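Participant: Turn this into a model:
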Amino acid sequence: MISCTRRIEFDAGHRVMEHESKCKYLHGHRYAIEATFVAAGLDNLGRVIDFGVVRELLGTWVDENWDHATILNDKDRELGEAIATKTGQKIFYMNANPTAENMADYLLNKICPELFVAENAKCTRIKLYETPNCYAEAISA
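Facilitator: Numbers count the residues shown, from 1 in each chain. As a prediction, this is how the structure comes out:
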């Protein structure tokens, strides 16, 4: 099996509700996603998937939903509504805390299957860097 990986970067704010330390406060990161795709065989040009297709599909989703947004737990709607009302900030709610682990899992198991349904390649791994030194990986079974 052959794989290929595309990197996509974005900026966003978040907070982790009930965190035992300073991550319970609203703060921001320069995130980086590494999305890995596999295919049973290469296409007629010798690719798993065109890197441009990954950028177009996943990159557009990230731009529209997470880039320069505040990503919050759905239980944190009071904060999200206050931020949106005061600043016009884009808010994205998750059904869990927006940790790197939960965000990677969300991309791998919810977003990528919806976005790449027509492609012959499958996203099998999302590595989400929260900082240059810290990342979480979601890997399909």
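
Participant: Enumerate the positions of stretch 75-86 that are buried.
Facilitator: 76, 79-80, 83 (16 or more other CB atoms under 10 Å). Bear in mind the C-beta positions are built from the backbone N, C-alpha and C, glycine included.

Participant: what's next to it, contact-wise?
Facilitator: 15, 17, 26, 70, 72, 89-91, 93 (CB atoms under 8 Å, 6 or more residues apart in numbering).

Participant: For stretch 1-16, output the C-alpha coordinates as CSV.
Facilitator: Extracted C-alpha coordinates of stretch 1-16, given in CSV (Å, rounded to 0.1, in the frame of the first residue of the first chain):
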residue,chain,number,x,y,z
MET,A,1,0.0,0.0,0.0
ILE,A,2,1.3,3.5,-0.9
SER,A,3,0.4,6.6,1.1
CYS,A,4,0.7,10.3,0.6
THR,A,5,0.4,13.2,3.1
ARG,A,6,-0.7,16.8,2.7
ARG,A,7,0.0,19.5,5.3
ILE,A,8,-2.6,22.2,6.0
GLU,A,9,-2.0,25.0,8.5
PHE,A,10,-4.5,27.3,10.2
ASP,A,11,-4.9,29.7,13.2
ALA,A,12,-7.7,29.3,15.8
GLY,A,13,-8.6,30.0,19.4
HIS,A,14,-10.0,27.4,21.8
ARG,A,15,-10.3,26.5,25.4
VAL,A,16,-10.5,23.2,27.2
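
Participant: longest single helix anywhere in this protein?
Facilitator: helix 77-87 (DSSP state H).

Participant: Averaged pLDDT, it. What do you get?
Facilitator: Across helix 77-87, pLDDT averages out at 97.
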